[in-house]
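Engineer: have a look at this fold, sequence not included:
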C-alpha cells in the first residue's frame, strides 16, 4: 500500500470514527437532555398549579376573613351599641322624660350610625364611585390618621387617566392591603402614597418607615414569608395586567411599587 | 442496504481469495436479511401505523425489491449500477417525504421540492456524464450530507417541542437515530469509495462490509421504531 493509499484509509477511518462519534454524541445528548428539559417543564407546571391553588385559597381565605371581620364589627360594635340603646330606652320606661338621658341615647344612635357607615365604607367605599380613586385614598388616609394617629400622605403627579370602576376597585384594594400590611406587619409610623401618571400607565408607590423585612432572593421564599396576603396582592395586580415590586425603603421600611398599564 | 449484494458481488469478483468472497457475500446477505425484520414488523402493525411509518415501510419494500433485482442485475453483468441508482432516488424521495411529514411544517414544502429537483438533476448527470459506470458515490455523498442535516434538525425540533417524557417511545426518534448513524457512518466511505474502487479493487469489499454492517444497525433501529409505534402516545411523531 503506497503512502497515499495509507492516507486515504486514514482519512476514512478517522472521518468515519469522527462522524459516528458525533452522531452518537448527538443522540445521547438528545436522549438525556430532552428528559431533563421535560422534567424541568413538569416542575414548572407543578409550581404554576401550586401557585394557582394558593391564589384560589387566598381568594377564599380573604373572602372568609372579610366575612369574619364584618361579623365581628356587627356583633361587637353595632350589636353592643344597639344593646346599650335598648338598655337606655328600657331604663326610661315608666320614668319622667330626661333630656340628658335622651341626649345619651341620641349620641349612642349617632355612634351606631357612624359605625355602620364605617363598616359599609370598608366593604365598598361610596367615595370610589362618586369621587374616584385618588379621593378615596385620601379619605382612607384621613380615617387612618384620625383612628390610629398614623399620618398618611398622598401625592399625585402627571395627568390622571380615567380608570373603570373594576380597575379602581382592584387598585384601591391593593393599596388598602399594602397600607394594612405596613401598619400590621411593618409597624409603620408614617405612610406615603404616590400616584405617578404617564403615557404608559400608572405607577403607585406605597412607602412606609416601619421595620421592613428581609427580602429573600427567591420569589417563592417571599411568598412563604408574606403568606397569602402577597398572593392576594399578586392576584389583583395580575388581574390588572400590572407588575408588583417590593423594595427596601430608605432609610427604613418597605416600598411597594405597582405599575399598571393603561389600555387604549 | 439495497446495493449490498450487487456491490459485494462486484467487488468480490475482483478478489482472488474465495474466503473473502464468501465473507463479503455472507455480510451482504445478512444485511439484506435484516431488512426483512422491520419490513415484516411493519406489515404486522400496518393498520395502526402513522403515515411516516407507512412511508418507511414502502422504502423497505423498495429496498428488498431492489436487492432482489440487484442479484439478477449482477448475474447478467449489465454494467452500470442502475438498480442502485434507482434505489438511491427512491430512498431520497421517500425519506424526504417522511421528514416533511415529521417536521409538520408546510413552509418547508418549497425548499424540499427545490432540493429534490436538484438532487434528481445531479443524479442523472452523475450517472450519464460524471461517474457513469463506476459506483455513484457523489450522489451518495450529497444524500448523506442532506439527511445528516435533516436528522440533526429533527432532533433540534424534538428538543424544542418536547412532545413526550420518554423520547424512546417515539417511532420517529428511532428512525432518526437509524438515519443519522447510517449516513454519518457511511459519509466518509462514500467520500473515499471512488478512490478505493479504482485503486484498491481487492480490498474494497472489506470497506463495503462496513456499509453493510451499518445497514444492519439501521434496520434494527427501524425495527425498534415499528416496535414502539403501537405503544407511542404521540402518534404524530
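Structural biologist: That came through, no problem. None of the values given here were measured: they were computed from a predicted structure.
Engineer: which one's the longest helix in chain A?
Structural biologist: helix A:3-72 (DSSP state H).
Engineer: what's the burial count for whatever residue of chain B ends up closest to chain A?
Structural biologist: Closest approach of chain B to chain A (CB to the nearest CB) occurs at residue B:188, with a separation of 3.4 Å. Backbone N, C-alpha and C define where each C-beta goes, glycine included. Residues lying near residue B:188 (other CB atoms under 10 Å in any protein chain shown) number 23.
Engineer: quick check, it in a helix?
Structural biologist: Yes: judged by DSSP: H, G, I helix; E, B strand; the rest coil, residue B:188 forms part of a helix.
Engineer: just to revisit the earlier point, packing partners of the next helix or strand after the longest helix of chain A?
Structural biologist: Sequence-wise, the next helix or strand downstream of helix A:3-72 (DSSP states H and E) is helix A:80-92. When contacts are defined as 3 or more CB pairs under 8 Å, 6 or more residues apart in numbering or on different chains; DSSP states H and E, helix A:80-92 sits against helix A:99-123.
Engineer: list the helices and strands the helix it packs on packs on?
Structural biologist: helix A:3-72, helix A:80-92.
Engineer: contacts for that helix, please.
Structural biologist: Contact with helix A:99-123 is made by A:66, A:69-70, A:73-74, A:77-78, A:81-82, A:84-85, A:88-89, A:91-92, A:126-127, A:143, as judged by CB atoms under 8 Å, 6 or more residues apart in numbering or on different chains.
Engineer: list the buried ones in it?
Structural biologist: A:105, A:108, A:112, A:115, A:121 (16 or more other CB atoms under 10 Å in any protein chain shown).
Engineer: what's the angle from it to helix A:3-72?
Structural biologist: Following axes from the mean of the first three to the mean of the last three CA atoms, to 10 degrees, one obtains 160 degrees for the angle between helix A:99-123 and helix A:3-72.
Engineer: now the strands for the stretch 101-250 of chain A?
Structural biologist: With strands called from DSSP state E, counting those that start in this stretch, the stretch 101-250 of chain A shows them at A:152-157, A:191-197, A:201-208, A:243-248.
Engineer: which of those strands sits most buried?
Structural biologist: Each of these was scored by mean neighbour count; the highest is strand A:201-208, a mean of 22, by mean count of other CB atoms under 10 Å in any protein chain shown.
Engineer: show me what counts as buried in stretch B:102-117.
Structural biologist: Those would be B:102, B:108, B:112, B:115, B:116, for stretch B:102-117 by 16+ other CB under 10 Å.
Engineer: surely the third one and residue B:96 touch.
Structural biologist: Spelled out, it's residue B:112. Yes: the criterion here is CB atoms under 8 Å, and residue B:112 meets it with residue B:96 at 5.6 Å.
Engineer: now do the same for residue B:135: helix, strand or coil?
Structural biologist: coil.
Engineer: check the one 10 residues further on too.
Structural biologist: Three states are possible here, and by three-state DSSP the one that applies to residue B:145 is helix.
Engineer: pLDDT score assigned to it?
Structural biologist: For residue B:145, the model assigns a pLDDT of 94.
Engineer: what's near enough to touch it?
Structural biologist: Residue B:145 neighbours (CB under 8 Å, 6+ apart): residue B:187.
Engineer: how much space separates it from residue B:32?
Structural biologist: Distance of residue B:145 to residue B:32, given as CB to CB, to the nearest Å: 26 Å.
Engineer: one more: residue B:139?
Structural biologist: Here residue B:139 is placed at a distance of 21 Å from residue B:32 (CB to CB).
Engineer: tell me which residues in stretch B:212-226 are buried?
Structural biologist: Going by neighbour count (16+ other CB under 10 Å), the buried part of stretch B:212-226 is B:212, B:214-219, B:221-226.
Engineer: what's the local residue count around residue A:50?
Structural biologist: Using other CB under 10 Å, the number of residues around residue A:50 comes to 11.
Engineer: on that earlier part again, burial measure for the nearest residue to the residue of chain B closest to chain A once chain neighbours are set aside, as a count.
Structural biologist: Spatial nearest neighbour of residue B:188, chain neighbours left out: residue A:15 (3.4 Å); criterion: CB to CB, 6 or more residues apart in numbering or on different chains. Here the number of neighbours of residue A:15 (other CB under 10 Å) works out to 15.
Engineer: so where's the stretch 51-200 of chain A shaky on pLDDT?
Structural biologist: A:147-148 (pLDDT under 70).
Engineer: show me which residues of the helix or strand residue B:54 falls within are buried.
Structural biologist: Under the criterion of DSSP H and E, residue B:54 resides in helix B:51-76. By neighbour count with 16+ other CB under 10 Å, helix B:51-76 contains the buried residues B:52-53, B:55-57, B:59-64, B:66-67, B:69-71, B:73-74.
Engineer: state the mean pLDDT of it.
Structural biologist: 80.
Engineer: what packs against that helix?
Structural biologist: Judged by 3+ CB pairs under 8 Å, 6+ apart, helix B:51-76 is in contact with helix B:4-13, helix B:18-44, helix B:82-103, helix B:171-199, helix B:204-229.
Engineer: other SSEs contacting the fourth one?
Structural biologist: Using 3+ CB pairs under 8 Å, 6+ apart as the contact criterion, the secondary-structure elements in contact with helix B:171-199 are helix A:3-72, helix B:51-76, helix B:82-103, helix B:137-161, helix B:204-229.
Engineer: tilt between that helix and helix B:18-44?
Structural biologist: Here helix B:171-199 runs at an angle of 160 degrees relative to helix B:18-44 (the same axes, to 10 degrees).
Engineer: now do the contacts for residue A:83.
Structural biologist: So residue A:83 contacts nothing (CB under 8 Å, 6+ apart).
Engineer: tell me the spacing between the residue nearest in space to the middle of chain A and residue A:70.
Structural biologist: Central residue of chain A (CA atoms, centre = their mean): residue A:233, 1.6 Å from the mean position. Applying CB to CB, the value for residue A:233 to residue A:70 is 21 Å.
Engineer: dump the residue contacts of the residue of chain A found nearest chain B.
Structural biologist: Residue nearest to chain B within chain A: residue A:15 (3.4 Å; CB to the nearest CB). The contact partners of residue A:15, by CB under 8 Å, 6+ apart, come to B:187, B:188, B:191.
Engineer: ok, the last one touching residue B:140?
Structural biologist: No: here residue B:191 does not reach residue B:140: they are 9.2 Å apart, not a contact under CB under 8 Å.
Engineer: more neighbours, those two?
Structural biologist: Per other CB under 10 Å, whichever of residue B:191 and residue B:140 has more neighbours is residue B:140, with 24 against 20.
Engineer: the more buried one against residue B:91, yeah?
Structural biologist: No: between residue B:140 and residue B:91 there is no contact under CB under 8 Å: 9.9 Å.
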